[in-house]
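A.B. asks: Test case, fold it:
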Amino acid sequence: MPKPPPVVAIVDDEESVRRALERLLRSAGFAVQTFPTGAEFLRSLREHCPACVVLDLHMPDLSGLDVQILIARERFNVPIVVITGHDTPEARARVLERGAKAYLRKPVDDATLLDAIETALREPRQAT
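C.D. replies: From the prediction side, this is the model:
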């Protein structure tokens, strides 16, 4: 029986971005879950932890950095690829310092995003 494709979660408050990323990732062979808020994504982790998460940095309520901190605090072992339309050196340093596997600026180049996800999936996961 073939191995199921890895599940990649997309967390972004912009519906058009979620749809575009979902189409891209499905066409690349991934299973995809989408979430419009960090809170919805965090609730889903109680049931299923994806193989990787593509996380928007700037969202209302819980920011991507907030979500990243809560993932670490709850010891969910999921690699994070951060995407942002508001790139700053400080934001880049903060998310990478906290263990994000990649930090990409919107609009995200398809090949760069797929490469970042593949790289994150190949890296050994830390024990929790």
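A.B. asks: next one: phi and psi at the residue nearest to the spatial centre of the chain?
C.D. replies: Residue closest to the average C-alpha location in the chain (CA atoms, centre = their mean): Val54, at 1.9 Å. Main-chain dihedrals, Val54, degrees, to the nearest 10: phi -100, psi 110.
A.B. asks: Surely it touches Val17?
C.D. replies: No: the pair Val54 / Val17 is not scored as a contact, 9.6 Å apart, by CB atoms under 8 Å. Yep, even glycine has a C-beta here, placed from its N, CA and C like the rest.
A.B. asks: Tell me the residues that contact both of the two, please.
C.D. replies: Among the neighbours of Val54, none is also in contact with Val17 (CB atoms under 8 Å, 6 or more residues apart in numbering).
A.B. asks: For whichever strand or helix holds Val82, which outside residues touch it?
C.D. replies: In the assignment (DSSP states H and E), Val82 maps to strand 80-84. Identification of contacts with strand 80-84 by CB under 8 Å, 6+ apart yields 12, 52-58, 64, 68, 71, 91, 95, 99-106, 108, 113, 116-117, 120.
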